[in-house]
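Visitor: Next comes the sequence, and after it the predicted model I'd like to discuss.
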Amino acid sequence: MTAVLQLLVVVLTAPLLLGVITRTKSLVAGRSGPPLLQAYYDLGKLLRKDSVLSSTTTWVFLAGPAVAVVAPLLASLLLPLAGPRAPLAFTGDLILFVYLFALSRFFTTAAALDTGSAFEGMGVARELTFAALAEPALFFGLLALARISGSLSLSSLLTVDGASWHRASAALVLIIASWFIVLLAENSRVPFDDPNTHLELTMIHEVMVLDHSGPAFGLILYGSALKLFVFSALIADVVLPRTGISLADAAATLGAVLVIGVVVGLVESSMARLRLVRVPQLLIAASLVAGFAVVLVLR
Amino acid sequence: MNRTFLTRRNAEPAALADVPLVQIDVFRTAVLDAVRDECRVVSFFAREVVDAIELVAVLADETTSELGFVRSRINEDRFESLTPECPQVQLFEREIAEQFGIEPAGHPWLKPVRFQQSWRPGHSVFGETLPGVTDFFRVEGDEIHEVAVGPVHAGVIEPGHFRFQCHGEHVFHLETALGYQHRGIERALIGGPSAKTIHYMETAAGDSTIGHTLAYAQAVEALTGTRVPARAQVLRGIALELERLANHTGDLGALSGDVAYLPAAAACGRTRGDYLNLTAELCGSRFGRGFVRPGGVLFDLPADRIDALTERLQAATRDTVDSAALLWTTPSVIERFENTGTIDTDVCDEIGMVGVPARACGRGIDVRHDFPFGVYRFVHIPVMTAYHGDVNSRAFVRWLELQRSADFVAQQMHRLPATPVRADVAASLAPDSIVASLTEGWRGEICHVAITDAEGRFARYKITDPSFHNWFGVALALRNGQISDFPLCNKSFNLSYCGHDL
């Protein structure tokens, strides 16, 4: 029951998060902006379209979008979003969580390289460089949480109770800060990437999917919404206390995720993109912050 | 300007016979000497005469406000290139080679400009060409990769091809290949002016409609001896500055959008529309079509509208200036703008850059100031400069200029002289004459040179858009830069593709 509820929340509300971010940005800029449900309309439009497939591509090209949807969906099952236990939980599932995203990245980049385009190769080089730098931040955070909770399963590790907050509040705040930076980087948001840009030479993630169209592109769009939702839910899990009532917990998670969407929108409204050469510096800083959280809980 | 040249003021006609016709080596020395003495080549082109090709050079001397003319005839299909000693003529020489099949021998990088066929059948330097199909400078090495962008872009912009030689994110070299927008305007103008001529001018570079039509109108007025009524002069100035306001505002918004900084992007996008609407109030077209005509302007500004328009102008300017000011106080924006796409002042001089990019390098060149025309002979707009030659300077110059332009427009709207807005223009142009007409469009110096034949028809009409001078600057600005900074850098120049391709 809990599993179904959790899956429903993730599958149905993920595109709403994109709408919340866009709406926040529009309001701050003094525009009315597209409807909140625009991402759903876009998905509906793309799924009804035809695809153009380059003759140089192989099955890898279509595997990219498929894995990009499946991987974050599986990862979401490892998070306790509606209730104290995730639908899937076992000791060491945190490794699977992180590498599900790596798997998805492998297929997305392979699909990009499959087109043989110079642009997409450039995007792949950027994506992989930045992903490698974001990974330590994620792991340091998980390590610190594992130490605080004494568990190696996301279900218990992410259920941070009042006592843990009391004991390790500094470390937890550092983890949240670091993960928020990772969230922005992993989901190609400002200041790392600009999801709205049409300038192919500045793109990181978008440039890799330039050749996808129709339903395949729809899957990619949906996959990135899922990924953003899962990352936001990961942070929400650390912040939120748990009641044990599935429905209440699911609602709280959804609320927190949308609040994170608003925060992302505010960040995007208030600063410019980083120069590409500065991106690694910010990511290393995020790793250091998370690393410092580990130091704090080890003393 | 040395004595080989015939000198004239901006839009002052001369009899063609008075322009010194010298041997090619004298011509060459005269131009090189003048450039060494800090004159600039504003136009350099060829035309067909009986049994020969005539080269015409027009140089500008800012210190004396004089334009110098010199010409030379060549009977063979080659002449010694000036480019090795004077890089600012490189594109002009490539154009001459392409249009007339004459080889500038010793040109270091002789390639087609617009991939058009030679105007003289049987005389061709490049043979049959296709746009973008040409040699590109290549850097060799295992770790070098080449990135080709365009002519089809991911956004809705004009077509142009860019070839980068990169090492990772680092750009060693950028080469541009344009010509996709070539419409054959210059050839179509020969034999004119006709009913079509003015429309070619309005669309030579569609976003500089006022700038180009004004240059054309001045040329025709000079060749017919027309005196333009004072009210029309002021209205033309207002239209030209409104065009500058709209485009500078649009550019600031676009620069801000390129670095994903939304507040200024959204506000400038909106106020650009306000300025375009003001132009529409003048003449019914947001882009100033159908306003400037030889002899004056087609529409008057009714006195009862002036207060309302001034109010709208000032409200738009307040919003633009305030929101763009955020750019100079937001650290993340400054970090992107500063030291991106820097052009040295020396390089700027050497390649003959004009307009906003040149003023951003500290070069105070501005046709409104150096070769005053129309209303600018009576009302001076301060020349705005910056000193670093980077994206930040180019953006800042635009921000300063739009404030001066807004002041000018607000002031002049209340000082409209009570004269008609149009004078009659004689039906035929002075025969066997030449005139160079310069205006300062929002991008920079627009130069039109008209040469008439014995019947007073255009024997040659040469249009030089500021983009023609500045495209080489974009390529040099990217050297040793980051490939991801190209769009920002390109936008900070915001050059015209169709103005270059004609």
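Guide: Thanks, I have the structure now. Numbering: from 1, shown residues only, chains lettered A, B, ... in the order given.
Visitor: which residue packs closest to A:Phe139, ignoring adjacent ones?
Guide: Take A:Phe139 and drop its neighbours on the chain: the residue closest to it by Cβ to Cβ, 6 or more residues apart in numbering or on different chains is A:Val98, 6.6 Å away. (Glycine included, C-beta is placed from N, CA and C.)
Visitor: Can you classify the one you found by secondary structure?
Guide: helix (DSSP: H, G, I helix; E, B strand; the rest coil).
Visitor: Identify the residues contacting it.
Guide: Contact analysis of A:Val98 by Cβ atoms under 8 Å, 6 or more residues apart in numbering or on different chains lists A:Glu135, A:Leu138, A:Phe139, A:Leu142.
Visitor: which of these lies closest to chain B?
Guide: A:Glu135 (20.9 Å; Cβ to the nearest Cβ).
Visitor: Closest residue of the stretch 101-250 of chain B to chain A?
Guide: B:Gly155 (3.6 Å).
Visitor: Quick check: which element contains that residue?
Guide: According to DSSP states H and E, B:Gly155 maps onto no helix or strand at all.
Visitor: Now the buried members of the contacts of A:Val98.
Guide: With burial judged by 16 or more other Cβ atoms under 10 Å in any protein chain shown, the buried subset of the contacts of A:Val98 is A:Glu135, A:Leu138, A:Phe139, A:Leu142.
Visitor: re the thing from before, what distance do you get for the residue nearest to A:Phe139 to chain B?
Guide: Distance of A:Val98 to chain B, computed by Cβ to the nearest Cβ, to the nearest Å: 27 Å.
Visitor: On the three-state scheme, the closest residue to A:Asn196 other than its chain neighbours is what?
Guide: Nearest residue to A:Asn196 in three dimensions, chain neighbours excluded: B:Ala260, at 7.4 Å (Cβ to Cβ, 6+ apart). Under three-state DSSP, B:Ala260 falls in the coil class.
Visitor: Filter the buried ones among the contacts of A:Val98 down to the ones in strands?
Guide: Judged by DSSP state E, the buried ones among the contacts of A:Val98 include no members of strands.
Visitor: Of the residues you listed, which belong to helices?
Guide: If you go by DSSP state H, these have A:Glu135, A:Leu138, A:Phe139, A:Leu142 in helices.
Visitor: Can you verify my assumption that the second one contacts A:Leu183?
Guide: To tie it back to what came earlier, the one meant is A:Leu138. No. Contact criterion Cβ atoms under 8 Å: A:Leu138 and A:Leu183 do not qualify, at 9.8 Å.
Visitor: hang on, B:Cys166 is in a strand, isn't it?
Guide: Yes. Counting by three-state DSSP, B:Cys166 is found in a strand.
Visitor: Quick one: the helices in chain A, in order.
Guide: A:2-28, A:38-48, A:59-77, A:93-114, A:118-149, A:154-157, A:162-186, A:214-239, A:246-270, A:279-298.
Visitor: Please name whichever of those helices is nearest to B:Pro466.
Guide: Of all the helices of chain A, helix A:118-149 sits nearest to B:Pro466, with 30.2 Å by Cβ to Cβ.
Visitor: For the closest one, name the packing helices and strands.
Guide: Packing partners of helix A:118-149 (3 or more Cβ pairs under 8 Å, 6 or more residues apart in numbering or on different chains; DSSP states H and E): helix A:93-114, helix A:154-157, helix A:162-186, helix A:279-298, strand B:145-149.
Visitor: From the rest of the structure, what touches the shortest one?
Guide: Surrounding helix A:154-157, the residues in contact under the criterion Cβ under 8 Å, 6+ apart are A:78-80, A:84-86, A:89, A:93-94, A:97, A:142, A:145-146, A:149, A:151.
Visitor: Repeat that for stretch B:288-298.
Guide: Outside stretch B:288-298, the residues that reach it (Cβ under 8 Å, 6+ apart) are B:198, B:202, B:209-210, B:213-214, B:216-217, B:220-221, B:224, B:226, B:228-229, B:232, B:235-236, B:239, B:242-243, B:279, B:282-285, B:299, B:420-425.
Visitor: Quick one, which of the residues you listed are buried?
Guide: B:198, B:202, B:209-210, B:213-214, B:216-217, B:220-221, B:224, B:226, B:228-229, B:232, B:235-236, B:239, B:242-243, B:279, B:282-283, B:299, B:421-423, B:425.
Visitor: nearest spatial neighbour of the most centrally placed residue in chain A, skipping sequence neighbours?
Guide: Centroid-nearest residue in chain A: A:Leu228, 3.3 Å away (criterion: Cα atoms, centre = their mean). Excluding its sequence neighbours, the residue lying closest to A:Leu228 (Cβ to Cβ, 6+ apart) is A:Asn187, at 4.5 Å.
Visitor: Which residues are in contact with B:Leu91?
Guide: Contacts of B:Leu91 by Cβ under 8 Å, 6+ apart are B:Val113, B:Phe468, B:His469, B:Trp471, B:Phe472.
Visitor: Apologies, that question was intended for A:Met208.
Guide: A:Thr108, A:Thr109, A:Ala111, A:Ala112, A:Glu120, A:Gly123, A:Val124, A:Glu127 are the contacts of A:Met208 under Cβ under 8 Å, 6+ apart.
Visitor: ok, it to B:Glu169 distance?
Guide: 16 Å (Cβ to Cβ, to the nearest Å).
Visitor: Same check on A:Ala177?
Guide: Applying Cβ to Cβ to A:Ala177 and B:Glu169 gives a distance of 28 Å.
Visitor: residues from the stretch 101-250 of chain A in reach of chain B?
Guide: Residues of the stretch 101-250 of chain A lying close to chain B by Cβ under 8 Å from any Cβ of the partner chain are A:118-119, A:121-122, A:125, A:190-191, A:194, A:196-202, A:210.
Visitor: What's the PyMOL line that selects buried ones from those?
Guide: Here is the PyMOL command that selects the buried residues among those (16+ other Cβ under 10 Å):
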select buried, chain A and resi 119+121+122+190+191+194+197+198+199+200+201+202+210
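Visitor: Let me know the outermost residue of the chain.
Guide: All of this is about chain A. Quick read of chain A (Cα atoms, centre = their mean): farthest out is A:Ser55, 31.8 Å.
Visitor: ah, no, chain B please
Guide: Using Cα atoms, centre = their mean, the residue of chain B lying farthest from its centre is B:Asp142. It sits 39.8 Å away.
Visitor: That residue in helix, strand or coil?
Guide: Under three-state DSSP, B:Asp142 comes out as coil.
Visitor: Check the gap between it and B:Gln165 for me.
Guide: Distance from B:Asp142 to B:Gln165, by Cβ to Cβ: 13 Å.
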